[in-house]
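> what follows is a protein structure lacking sequence information:
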């Protein structure tokens with residue numbers, strides 16, 4: 001009889017530990033979902049993506065595959081997984097299953113519910129409004145002559161130029177393959193008659209005026225244009 005009581009006492013004593021162990025061993029589930037886009041807001045459906053857990057986005061493209069998924073017709077996808085052991089290693093999504101598949105997005109936090117917008121490529125049209133109010137204005141409304149060339153991010157435009165004039169569009173392919181890319185600050189350099197990015201931070205004078213424009217990537221509008229003032 002005493003042995004029965006001891007057994008019951010022992011069970012009661014071990015019960016919290018058992019519950020704790022069972023509770024800890026049960027892994028929580030998380031959901032990674034989102035949409036695959038082409039350029040500006042055009043969903044890409046029925047493509048195969050490979051979700052991998054990798055230590056880096058640009059080295060060792062093979063291995064780490066967790067799940068291969070085909071996107072829906074509207075470009076959406078969803079992946080539910082249990083708690084992953086290496087919580088410091090983020091997720092990455094690749095276009096296809098080959099070892100050298102194109103990286104679509106890296107740095108996605110692990111063991112948390114995440115919704116991502118992913119671009120196979122992000123080409124947008126930038127237009128620029130000339131605003132040289134801070135510079136000496138020559139006589140008349142013409143700011144620069146036909147002999148002047150305006151360089152914007154490696155693209156060139158021939159004069160003449162007027163204050164308030166809109167130039168472009170310039171098509172740019174943005175680096176958007178990292179989680180939280182929309183928070184990244186991008187830069188454009190512009191200058192007159194000198195295509196020299198090494199002097200982009202310094203003012204080089206009336207006809208060699210170089211400036212840096214900082215901007216934050218935004219969603220494209222229906223014309224797929226992003227307008228940035230040169231000033």
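Arrived safely, thanks for sending. Remember, predicted model here, so these are calculated numbers, not experimental data.
> so what's residue 121 up against?
38, 39, 173 (Cβ atoms under 8 Å, 6 or more residues apart in numbering). All C-beta spots, glycine's among them, are computed from the backbone N, C-alpha and C.
> let me know the pLDDT of it.
For residue 121, the model assigns a pLDDT of 77.
> quick check, it in a helix?
No. Residue 121: not assigned to a helix; according to DSSP: H, G, I helix; E, B strand; the rest coil it is coil.
> which residues of this protein fall in helices?
Assigned helices in the chain, in chain order: 2-25 (criterion: DSSP state H).
> residue ranges with poor pLDDT in it?
Applying pLDDT under 70 to the chain flags the ranges 1-25, 40, 55-63, 132-143, 175, 182, 194-210, 217-224.
> partners of the longest strand anywhere in it in the sheet?
Looking across the chain with DSSP state E, the single longest strand is strand 29-38. Applying DSSP bridges, strand 29-38 is found paired with strand 42-43 (antiparallel), strand 76-82 (antiparallel), strand 114-119 (parallel).
> report the buried residues of that strand.
Buried residues in strand 29-38, counted by 16 or more other Cβ atoms under 10 Å: 30, 32, 34, 35, 36, 37.
> also stretch 38-51?
Neighbour counts over stretch 38-51 (16+ other Cβ under 10 Å) mark 39, 40, 44, 47, 49, 50, 51 as buried.
> between the contacts of residue 121, which is closest to residue 72?
In terms of Cβ to Cβ, no member of those lies closer to residue 72 than residue 38, at 14.9 Å.
> would you agree the closest one is in contact with residue 47?
No. Assessed by Cβ atoms under 8 Å, residue 38 is found out of contact with residue 47, at 9.9 Å.
> want to try CSV for the buried residues of strand 29-38, with distance to residue 167 as columns?
Below are the buried residues of strand 29-38 laid out as CSV (distance: Cβ to Cβ, whole Å):
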residue, distance to residue 167
30, 47
32, 41
34, 35
35, 33
36, 33
37, 27
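> ok, which pair from the residues you listed is furthest apart?
30 and 37 (22.9 Å).
> how much space between residue 48 and residue 156?
41 Å (Cβ to Cβ, to the nearest Å).
> meant to ask about residue 118
Taking Cβ to Cβ, one finds residue 118 at 33 Å from residue 156.
> the more surrounded of these two?
residue 118 (23 against 11; other Cβ atoms under 10 Å).
> picking that back up, single out the most deeply packed of the strands paired with strand 29-38.
strand 114-119 (a mean of 17; mean count of other Cβ atoms under 10 Å).
> need the residues that contact that one.
With Cβ under 8 Å, 6+ apart as the test, strand 114-119 has contacts from 30-39, 93, 104-105, 108, 176-177, 179.
> and with 10 Å instead?
30-42, 44, 49, 71, 75, 77-79, 91, 93, 95, 104-105, 108, 173-174, 176-177, 179-182, 219 (Cβ atoms under 10 Å, 6 or more residues apart in numbering).
> could you find the closest non-adjacent residue to residue 213?
residue 188 (4.4 Å; Cβ to Cβ, 6 or more residues apart in numbering).
> what is the neighbour count of that neighbour?
20.
> specify the beta-bridge partners of residue 82.
In this entry, residue 82 is beta-bridged to residue 29, by DSSP bridges.
> can you name the residues that contact it?
26, 27, 28, 29, 30, 111.
> tell me the contacts of the first one?
When you say that, I think you mean residue 26. Going by Cβ under 10 Å, 6+ apart, the list of residues near residue 26 reads 82, 83.
> residue 85 versus that one, what's the distance?
For residue 26 relative to residue 85 (Cβ to Cβ), the value is 14 Å.
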